[in-house]
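Asks: Got a predicted structure here, sequence first:
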Amino acid sequence: MENELTAGRCVRTAIITLSMMGFGFFGIPANAGEFSVLLNGRAIHLDEQAGINYNENNWGAGFQYDMAPIEETLVPFVTFSGFKDSNKNMSYYGGGGLLHRVKFEWGKTPMHFDAGAIVFLMKREGFQENHLFPGILPAFSLGTPRVAVNMTFIPKIDPKMVPLLFFQLKITLGDIQK
């Protein structure tokens, strides 16, 4: 129980620190952007090992805060989320990144495609002795101004792991104005 409380404090401290760094680094006021809820849902394992059944229903939730775009095409963001991982253990991460946004229309529906990267701190049971560890991954998003699908590719970084695609549903609740 004490380890869980300590881990929780570490994760909260990391999230606050990363958020403050992100707002300060990009020089953007903390109250100008869009707040979204993330619903984690799916992992697709690309190189499954015989006899191992991975959990591909990575249920969980989190948030993403997209800051005001820089020059209309670069979207800095911070995020935090928790989900059941491939081994059915809870995993938590907090981080931030930068996405390059391309806007287009599908029929009359405004759409966007984002591509960039996320830098994060993560805690996973059964990996790195349950300590926080840093990472960087590619990040992609496709959707409308209110609903999008986020995706990342996680390469094989440990002999016991397999590469996978991880998906989230992003529901934007609204703009946060000054």
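Replies: Done, it's in. Residues are numbered from 1 along each chain as shown.

Asks: Just give the number of residues close to Glu71.
Replies: Neighbourhood size, Glu71 [other Cβ atoms under 10 Å]: 5. (Glycine included, C-beta is placed from N, CA and C.)

Asks: Any stretches of this protein with poor pLDDT?
Replies: 1-32, 159-160, 176-178 (pLDDT under 70).

Asks: residue closest to the middle of it?
Replies: Centroid-nearest residue in the chain: Thr79, 5.7 Å away (criterion: Cα atoms, centre = their mean).

Asks: and it, how far is that from Leu132?
Replies: The spacing between Thr79 and Leu132, counted by Cβ to Cβ, to the nearest Å, is 16 Å.

Asks: just to revisit the earlier point, next, work out how far apart the residue nearest to the centre of the chain and Tyr93 are.
Replies: Distance from Thr79 to Tyr93, counting by Cβ to Cβ: 8 Å.

Asks: show me the contacts for Tyr153.
Replies: You called it Tyr, but residue 153 is Phe. 137-138, 163-166 (Cβ atoms under 8 Å, 6 or more residues apart in numbering).

Asks: Pull out the buried residues from the helix or strand encompassing it.
Replies: Element membership for Phe153 (DSSP states H and E) is strand 147-154. For strand 147-154, the neighbour count (16 or more other Cβ atoms under 10 Å) marks 148, 150-152, 154 as buried.

Asks: Against Glu105, how distant is the residue nearest to Ala139 when sequence neighbours are not counted?
Replies: Nearest non-adjacent residue to Ala139, counting by Cβ to Cβ, 6 or more residues apart in numbering: Ile118, 4.6 Å away. Relative to Glu105, Ile118 is positioned 27 Å away (Cβ to Cβ).

Asks: try Ser91
Replies: Distance, Ser91 to Glu105, by Cβ to Cβ: 36 Å.

Asks: So for the two, which residue has more residues nearby?
Replies: Neighbour tally, Ser91 and Glu105, criterion other Cβ under 10 Å: the higher count belongs to Ser91, 20 against 8.
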